[in-house]
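Participant: pasting the structure only:
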């Protein structure tokens, strides 16, 4: 019996179970040696699909489905790319608890840290250019409106395909 309890404790210590649905407001900061750029918006998750709707400093919508779709209204451009990295669900499931509410996981040789206390509060990492990236989540809910997952962009946009 003790072995089973220890095993189950280890499972809970080393894996996060993301909710099936999630929505939140976010603030993302990217710090380089010279400057800090702040982005704001909303994020939505339903199953394996995620939508990032950036509202500041410019508008941009990123749909992560079977492919990645990035719509930038200022450029009148839609970029379609193959999904190469692990999904958020896979990343969270691989996360290991370091202490209290702090978890870490590795994706493409990058270490990503999470603050997770009943819900995702913050994540941070260093990107390929050495920038410090931090995303804080606010007003989290375990639901998401269905309409945000539908690709929505004007018919006359330039479409760019990336591999």
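Facilitator: Sure, I can see it. Nothing here was measured: the structure is a model prediction, and the numbers come from that model.

Participant: Next, work out how far apart residue 29 and residue 133 are.
Facilitator: 7 Å (C-beta to C-beta, to the nearest Å). Every residue, glycine included, has its C-beta placed from N, CA and C.

Participant: I should have written residue 159 there, sorry.
Facilitator: 28 Å.

Participant: of these two, who's got more company?
Facilitator: Ranked by neighbour count (other C-beta atoms under 10 Å), residue 159 and residue 133 place residue 133 first, with 16 against 10.

Participant: Could you check how far that one is from residue 25?
Facilitator: Residue 133 sits 17 Å away from residue 25, taking C-beta to C-beta as the criterion.

Participant: next one: residue 72
Facilitator: 21 Å.

Participant: Among those two, which residue is more densely surrounded?
Facilitator: Neighbour totals were compared for residue 72 and residue 25, and residue 72 leads with 18 against 15 (other C-beta under 10 Å).

Participant: Go ahead and confirm the more buried one touches residue 54.
Facilitator: No: with contacts counted by C-beta atoms under 8 Å, residue 72 stays clear of residue 54, the gap being 9.3 Å.

Participant: Find the residues that touch each one of those two.
Facilitator: Residues touching both residue 72 and residue 54 (C-beta atoms under 8 Å, 6 or more residues apart in numbering) are residue 60.
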